[in-house]
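Q: Sequence plus the predicted model coming up.
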Amino acid sequence: MHEESVHTENLIKDTAKRVFFQKGRLKATTQEIADEAGVNRALIHYYFRSREQMLDILLDEVIREKKAKMVEILSSSLPFKEKIAQYISYLVDRGINYPHLENFIISEIARRPEKREIICARDGVKSSDLIKKELHEEIERGGIAMITPEHFMINLSSLCNYPLLAKSIFQTVHGMTDASYKKFLLDRKQVIFRTIFNEALPGVQEKKANPQSK
């Protein structure tokens, strides 16, 4: 494939990811994506046979990216707590960049149950297996209470992702603007780490409350 052709295909894919996963326009048409990308609609059908195929390709790419980054972080030689800190930061930042992605994945699985195995069982690597030994050592040291690797990773994922899945509800209930909700999500990195380990996120200096004057 020529360089210009690769550039055009990537432009369409990046635009579609932005439209679907960042802006939340999950029912956007190929014409809307073409308009946003500044290309002829026929080019979308040249690179992707259909809107459904394009969605499958986009979903496959973002899941592969997440899985590769997860393996990279949790398989690194960093100390256990620093790995978890990096993983929290990655999930939160990814969620801010693609706030509608997790909802899209859930709706796709509900709409097309046959995709569950493809989405959930890709390459057979489980995050719980990657942290099993270090988690056990942390429990033995008394750093955290007894918990299975599966519960640990599900707790971690839930703490990072649920505020995104329920964004519209939380944002409305607490009267937050988009900007203040983004700050809320970034602040959660510290909150999540402290919830798990009862200590500050590595490399982050927490503000101390000023003593009240008497």
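A: Good, I have the coordinates.

Q: quick one: Leu164 from Ile88, how far?
A: 13 Å (Cβ to Cβ, to the nearest Å). Where you see a C-beta, it was placed from the backbone N, CA and C, and this is true even at glycine.

Q: wait, Leu11 sits on Ala37?
A: Yes. The criterion here is Cβ atoms under 8 Å, and Leu11 meets it with Ala37 at 5.5 Å.

Q: between those two, which one's more packed in?
A: Ala37 (20 against 14; other Cβ atoms under 10 Å).

Q: Identify the spatial nearest neighbour of that one, chain neighbours not counted.
A: Nearest residue to Ala37, sequence neighbours excluded (Cβ to Cβ, 6 or more residues apart in numbering): Thr15, at 3.9 Å.

Q: so what pLDDT did the one you found get?
A: Listed pLDDT for Thr15 reads 95.

Q: pull the CA atoms of the helix or strand hosting it into PDB?
A: In the assignment (DSSP states H and E), Thr15 maps to helix 3-17. Provided in PDB are the C-alpha atoms of helix 3-17 (Å, rounded to 0.1, in the frame of the first residue of the first chain):
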ATOM      1  CA  GLU A   3       2.300   5.900   1.700                       C
ATOM      2  CA  GLU A   4      -0.500   8.300   0.700                       C
ATOM      3  CA  SER A   5      -3.000   5.400   0.800                       C
ATOM      4  CA  VAL A   6      -1.900   4.400   4.300                       C
ATOM      5  CA  HIS A   7      -2.200   8.000   5.400                       C
ATOM      6  CA  THR A   8      -5.700   8.300   4.100                       C
ATOM      7  CA  GLU A   9      -6.800   5.000   5.700                       C
ATOM      8  CA  ASN A  10      -5.300   6.100   9.100                       C
ATOM      9  CA  LEU A  11      -7.000   9.500   8.800                       C
ATOM     10  CA  ILE A  12     -10.400   7.800   8.300                       C
ATOM     11  CA  LYS A  13      -9.800   5.400  11.200                       C
ATOM     12  CA  ASP A  14      -8.500   8.100  13.600                       C
ATOM     13  CA  THR A  15     -11.500  10.300  12.600                       C
ATOM     14  CA  ALA A  16     -14.000   7.500  13.100                       C
ATOM     15  CA  LYS A  17     -12.500   6.700  16.600                       C
END
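
Q: Lovely, talk soon.
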